[in-house]
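[1] Here is a sequence together with a model predicted from it:
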Amino acid sequence: MSQASRSLRAGASGSDRIFAALPVAPIWVGVGFAVSLLLAFALLSAALGDFSEFLAGEETFLQARDARLGVIIVILAAFLPTAHRYATLGAVRNLEALQSLLAPGSGGDAVGLPTHRRRIAVLLGLLLPPLVGLTVDRDPGLYLRAEYWGMEQIWSWSLGAFCGWNLGAFIDTTLAFSRRFSEIAERLERIDLFDLSGLAPFARQGLLFALLWVLMPSIFAVNAVDRDFASSISVLAVVCVVVGTTALLLPVLGVHRRIREAKRAEIGRVEAAIRGDGAALEGSAIAARGSAPSLADLIAYRGWIESRPEWPFDTGMRLRFGLYLVIPLGSWLGGALVERLLTTALE
């Protein structure tokens, strides 16, 4: 078992242990959790007569705030721990892939998963539901009235606190993992400017977190059909964009710096050789490539080094990230399609 895997097992959260104990992929654990919560929500609504009242009314599913919000919070409650699990497993794979690139004696145990606290999780778990509620209803006195507290409201606030805690935990994990990847770049034995593919785990880690953070506001954005949710959607979108952008760039900052340093060092050796220093190329990547290169070869090689990318993102990764950015638009269009299908099915 690798150091990263041992660290994962030792520092696993309660939800991670549940995911690890079940012999199915995390996505199916999340789906099962969501279906169970949806069934519980439907049964409670039916028992209290709210479900039949909804069917008898003229509002569509997306227009019925309590029903819509109850379902969206269920999806978020299942998505957040599932995303956290996939992020952790992805970090383990990428850390293990980088193990062989570390310089001897640089501290191989450094590739273990970072330890982190849950202060952000506790804070968001306590504050997120009232903050969202106040941005939607804007009447603090509403929550002090007994008639406000129906089953849907209790359901939404309870699961909202659960979502807030998991959102905070995911922020904490994202930042901790991203910093660890940036730090590991300093322990790489060397940077091969001829083949940067070995650095792909840094970029894959950033892309994985970026995808998971893009998906989150896409789920909550279904509430865009209700203008009162504009502020809460905007705040969540800003948080996800900021954290997602940080998660995309922070893991590669360290290796970006190493690539730039390697390029500068190689260009310095080539320029010294161009000036006539015969020993300048001893540490160069082309030192073992046969006879001494000509002046034209050195000038062409310097231009090639200058053109080498300084980030470990290849064309496919850039395209993939562009597709990720389309996901929120697809969720909004999908929300309109789901409303149409549900309206047709219930009429």
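    Yes, it's here.
[2] can you map out the helices along the stretch 101-250 of the chain?
    All helices of the stretch 101-250 of the chain, identified by DSSP state H, counting those that start in this stretch, fall at 119-137, 151-184, 200-220, 230-274.
[3] To V35, which of the ones you listed lies closest?
    Nearest of the helices of the stretch 101-250 of the chain to V35, taken as CB to CB: helix 151-184 at 14.6 Å. In this view, the C-beta of every residue, glycine as well, is placed from N, C-alpha and C.
[4] Now the closest one: buried residues?
    151-153, 155-157, 159-175, 177-182, 184 (16 or more other CB atoms under 10 Å).
[5] now the angle from that helix to helix 119-137?
    Per axes from the mean of the first three to the mean of the last three CA atoms, to 10 degrees, the angle that helix 151-184 makes with helix 119-137 is 140 degrees.
[6] ok, R227 - how many residues close by?
    For R227, the neighbour count with other CB atoms under 10 Å is 8.
[7] Check A87 too.
    Neighbours of A87 using other CB under 10 Å come to 21.
[8] can you check the one 3 residues further on too?
    A total of 19 residues lie near G90 under the criterion other CB under 10 Å.
[9] what's the residue closest to the geometric middle of this protein?
    F209 (2.3 Å; CA atoms, centre = their mean).
[10] Quick check: that residue touching L249?
    No - F209 is not in contact with L249 according to CB atoms under 8 Å; the separation is 10.3 Å.
[11] tell me the contacts of the closest residue to P251 other than its chain neighbours?
    Once flanking residues are discounted, P251 sits nearest to F181: 3.6 Å by CB to CB, 6 or more residues apart in numbering. Neighbouring residues of F181 by CB atoms under 8 Å, 6 or more residues apart in numbering: 91, 94-95, 202, 205-206, 250-252, 254.
[12] Where neighbours are concerned, which of those residues has the most?
    In the contacts of F181, the most neighbours by other CB under 10 Å go to P251, 32 neighbours.
[13] Need the pLDDT of it.
    Reported pLDDT at P251 in the predicted model: 92.
[14] Next: L98.
    87.
[15] Around it, count how many other residues there are.
    22.
[16] G164 reaches P130, doesn't it?
    No - between G164 and P130 there is no contact, the gap being 9.8 Å when judged by CB under 8 Å.
[17] re the thing from before, would you list the helices of the stretch 101-250 of the chain in TSV and tack on distance to L37?
    Converted to TSV, the helices of the stretch 101-250 of the chain look like this (distance: least, CB to CB, whole Å):
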stretch	distance to L37
helix 119-137	16
helix 151-184	8
helix 200-220	14
helix 230-274	20
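[18] on that earlier part again, quick check, nearest of the contacts of F181 to H84?
    Nearest to H84 among the contacts of F181: A91, at 10.7 Å, using CB to CB.
[19] how near is the closest one to R179?
    To R179, A91 is 12 Å away according to CB to CB, to the nearest Å.
[20] just L207 next, same as before
    For L207, the distance to R179 - CB to CB - is 17 Å.
[21] Let's have the contacts of F181 in JSON lines, adding distance to L76.
    Converted to JSON lines, those look like this (distance: CB to CB, whole Å):
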{"residue": "A91", "distance to L76": "22"}
{"residue": "N94", "distance to L76": "26"}
{"residue": "L95", "distance to L76": "28"}
{"residue": "F202", "distance to L76": "29"}
{"residue": "Q205", "distance to L76": "23"}
{"residue": "G206", "distance to L76": "23"}
{"residue": "L250", "distance to L76": "24"}
{"residue": "P251", "distance to L76": "25"}
{"residue": "V252", "distance to L76": "28"}
{"residue": "G254", "distance to L76": "32"}
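[22] Mind listing what's buried along stretch 267-275?
    Buried-residue list, stretch 267-275, by 16+ other CB under 10 Å: 269-270, 272-273.
[23] oh sorry, the question was meant for stretch 218-230
    For stretch 218-230, using 16+ other CB under 10 Å, the buried residues are 218-223, 225-226, 229.
[24] And stretch 239-258, by the same measure?
    239-240, 243-244, 246-248, 250-256, 258.
[25] which one of those residues is nearest A21?
    The closest of these, once distances to A21 are taken by CB to CB, is A247, at 27.4 Å.
[26] I figured that closest one was touching T174, is that so?
    Yes - A247 is in contact with T174 according to CB under 8 Å; the separation is 4.8 Å.
[27] joint contacts of those two?
    209, 213.
[28] count of residues packed around A46?
    11.
[29] Need the three-state assignment for F313.
    coil (DSSP: H, G, I helix; E, B strand; the rest coil).
[30] again, but for the one 4 residues further on
    Using three-state DSSP, the three-state assignment for M317 comes out as helix.
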